[in-house]
Structures are given as C-alpha cells and as structure tokens.
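Peer 1: Fold the stuff below for me.
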Amino acid sequence: MANLPNFVVIGASRCGTTSLHHYLGQHPDIYVSPRKSPNYFVARDPHPDRENDTLQAMARQWTATREAYETLFRGVTTERAVGDVSPVYMQSIHTAKRIRETLGSATKLVAILRNPADRAHAHYLGRRRDGLEPVEDFNVLVDRELAMPLEDDIAFGSYVSCGRYHHFLQPFYEHFAAENIRIYLFDQLREDPSGLFRDLFSFLDVDPDYEVDTSFSHNRTGIVANPLLRSIWTGSVGLRTKMRPYLPAFIRHASRPLLAQQVSKPILGADARQRINAALRKDIQELQRLIDMDLSDWLVTDSHSNT
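Peer 2: Purely as a prediction, here's the structure:
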C-alpha cells in the first residue's frame with residue numbers, strides 16, 4: 001500500500017512555508033516530500049499566466065498524476081507524520097474537496113498567514129528577484145488588480161487575491177473538522193519559532209520537544225542589489241526552471257545563502273498597504289471569526305513591512 005500524506009501544509013504563499021518545509025524535515029518522526037510544492041491537488045487547474053513561458057514551464061513541473069505523487073513518498077520508513085507542503089493549495093477553492101477525497105477526512109491541515117499587504121509585496125519581490133515580473137512599480141500592479149473583480153475560484157499569480165484567506169480557507173472548514181486544522185501567523189514563526197513548533201509537533205502527534213535549527217531563513221524575498229548579478233540571475237530563470245529537476249538538491253541549496261547576502265528589501269509603501277488591506281477588509285474581518293484570532297493590526301496602515 002502506498003504511503004500518502006497524513007498532513008498537508010496548504011499555505012499561504014510567501015508566508016514562510018519554504019522555511020517550514022526545511023524545518024519539518026529535521027524532525028526524525030516527520031517525512032516531507034523531498035521536493036517542496038508538489039502541487040498535486042491543483043495541477044488540473046488552469047494557470048492564468050498563459051503568456052508567460054517561464055511560469056508555464058514551472059506549472060508543467062507540478063505533480064500531475066497519482067503515480068507521480070505516490071513516488072514522492074516512497075522514502076517513508078518509520079515516520080509517523082508524512083507531509084505535503086504546497087502553499088498554492090490555498091489559491092484554489094477546489095483543493096479542499098480533492099484532498100479529502102484522496103487523503104481522507106482525518107488528514108491534518110496547517111496554514112501560516114501574514115498581513116495580506118506584506119504577503120502581496122513579498123510575492124512581488126520574489127517574482128522580481130526571479131525575473132518573473134517585468135513591472136518595476138508595485139503600485140501599478142496593485143492598481144491593475146484592484147481595477148478588476150478579485151479572483152473567486154483560482155488566484156494563481158495574483159498579488160491581492162491570494163490574500164483572501166477567509167475566502168480560500170472556508171472550503172477547508174467545510175470539508176474537514178476544525179480540530180484537524182491548525183492556523184499560525186507569520187509573526188509567530190519569526191518571533192517564537194520554538195513555541196510554534198512545540199504546538200505544531202503536538203498537533204502532528206510527534207515529539208513536541210524536538211528542537212529544530214531555525215537559524216537560516218529559506219527563500220528570502222527581495223531584489224538582487226548588484227546589477228550584474230541581478231541580470232545574470234533573472235536572465236537565467238528559464239534555464240534554471242528547466243534544469244531544476246535534474247540538479248541535485250545540495251547544488252541548488254548551496255547557492256541560496258550566497259544569493260541571500262546580495263538581496264535588498266524595498267519597503268512597502270503606506271499607500272499600497274492601505275489600499276490592499278482596505279480591499280480585503282471584509283475578508284479579514286470574516287477570517288477573524290473563522291479562526292478565532294485578533295487580526296485588527298492588519299488593518300493598520302502605518303506599520304512597517306515584514307517582507
């Protein structure tokens with residue numbers, strides 16, 4: 001019988017899930033797929049960036065078949081918790097039903113959320129860093145999104161709509177019991193990782209006292225400061241995307257600390273923050289009730305970005 005996940009990290013994108021994937025993998029009783037973001041449960045959904053060849057190439061690397069998905073977990077031995085970390089699952093209203101049908105209603109779900117404006121800006125900086133976003137002015141992109149209705153079914157590639165946490169979390173609460181869903185905030189991961197992991201490990205029924213090394217933050221966003229290095233990095237994104245499946249993990253990981261040293265982080269402007277969170281105000285208020293957390297500070301417009 002194939003080993004399949006008994007827990008899934010469903011989101012959200014740009015909320016520390018890459019770091020979470022690495023940290024979870026340190027626990028001896030936890031197995032996470034060697035490749036983060038299999039995206040199996042959204043692979044059948046259409047990707048909106050049809051004009052972007054690189055993004056389409058990335059989407060084609062999503063795990064599209066049951067056989068390929070099962071292959072990711074063949075390395076499971078005695079681990080009690082087996083996980084899939086795919087933050088795009090919180091960008092489609094169809095994911096919850098598919099996870100329940102495939103993995104069962106006892107599957108545990110985990111999500112990390114951050115201020116939607118900060119998340120949107122981090123998303124933008126990540127795509128700028130990787131050469132996937134040609135527009136230099138974030139405000140232009142915000143204006144463009146807010147001039148149209150926010151995405152309802154699928155939010156792939158959207159900066160603002162991906163922050164509709166209540167909208168995209170609600171189906172999970174319809175298909176799974178609330179006690180099988182654990183929500184954390186990005187600030188908890190930054191400020192109290194030990195406390196977060198004690199709680200998360202207890203939730204996953206593994207040793208809660210195991211200490212993980214959280215000294216390195218993975219997949220940091222920002223703009224590569226050196227113009228020459230930035231040109232080389234962004235210009236090679238298509239080649240890197242195509243070569244990724246064939247490069248050993250240790251080679252891919254070795255470049256990350258070096259690149260992180262070259263990244264600068266522009267601050268999110270107060271105007272963009274106000275417009276994004278104003279557009280999502282109702283969703284934030286409904287989210288507070290859904291997850292029983294005070295998120296009122298997300299509606300404050302003069303705080304600094306945590307990108």
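Peer 1: C-alpha from now on. contacts and neighbour counts both.
Peer 2: Will do.
Peer 1: Distance of the residue lying closest to N6 once chain neighbours are set aside relative to P5?
Peer 2: Leaving out its chain neighbours, the residue that sits closest to N6 by C-alpha to C-alpha, 6 or more residues apart in numbering is T107, at 4.9 Å. Going from T107 to P5 by C-alpha to C-alpha, to the nearest Å gives 8 Å.
Peer 1: Which one's more surrounded, the two?
Peer 2: With neighbours defined as other C-alpha atoms under 10 Å, T107 and P5 compare such that P5 has more, 24 against 18.
Peer 1: so the more buried one sits right up against E79, yeah?
Peer 2: No. In this structure P5 lies outside contact range of E79 using C-alpha atoms under 8 Å: 10.9 Å.
Peer 1: pull the longest helix from the protein.
Peer 2: helix 116-129 (DSSP state H).
Peer 1: Quick check: what element follows it along the chain?
Peer 2: Per DSSP states H and E, the first helix or strand lying C-terminal to helix 116-129 is helix 138-146.
Peer 1: Centre of the chain to that following helix, how far?
Peer 2: 21 Å (C-alpha atoms, centre = their mean, to the nearest Å).
Peer 1: by contact count, what packs against that helix?
Peer 2: helix 270-279 (3 or more C-alpha pairs under 8 Å, 6 or more residues apart in numbering; DSSP states H and E).
Peer 1: and with 10 Å instead?
Peer 2: Counting contacts by 3 or more C-alpha pairs under 10 Å, 6 or more residues apart in numbering; DSSP states H and E, helix 138-146 packs against helix 116-129, helix 270-279.
Peer 1: For the closest residue to S105 other than its chain neighbours, grab the count of nearby residues.
Peer 2: With C-alpha to C-alpha, 6+ apart as the criterion, S105 has its nearest non-adjacent residue at 5.9 Å, and that residue is F176. By other C-alpha under 10 Å, the residues close to F176 number 20.
Peer 1: And S86, by the same measure?
Peer 2: 24.
Peer 1: dump the residue contacts of A272.
Peer 2: The contact partners of A272, by C-alpha atoms under 10 Å, 6 or more residues apart in numbering, come to A117, D118, A120, H121, F138, N139, V140, L141, V142, D143, A278, T301.
Peer 1: Which member of the residues you listed is positioned nearest T102?
Peer 2: T102 lies nearest to A120 out of these, by C-alpha to C-alpha, at 30.6 Å.
Peer 1: Quick check, pLDDT for that closest one.
Peer 2: Model confidence at A120, given as pLDDT, is 97.
Peer 1: likewise S92?
Peer 2: Model confidence at S92 (pLDDT) stands at 94.
Peer 1: Provide a list of residues in contact with F73.
Peer 2: A2, N3, L4, P5, Y31, V32, S33, P34, V82, G83, D84.
Peer 1: who's in contact with the helix or strand harbouring V9?
Peer 2: Applying DSSP H and E as the criterion places V9 in strand 7-11. Applying C-alpha under 10 Å, 6+ apart, the contact partners of strand 7-11 are 17, 20-21, 32, 37, 39, 81-91, 95-96, 99, 103, 106-113, 162, 165, 168-169, 172, 180-183, 203-204.
Peer 1: For that strand, list every residue counted as buried.
Peer 2: Across strand 7-11, burial judged by 16 or more other C-alpha atoms under 10 Å covers F7, V8, V9, I10, G11.
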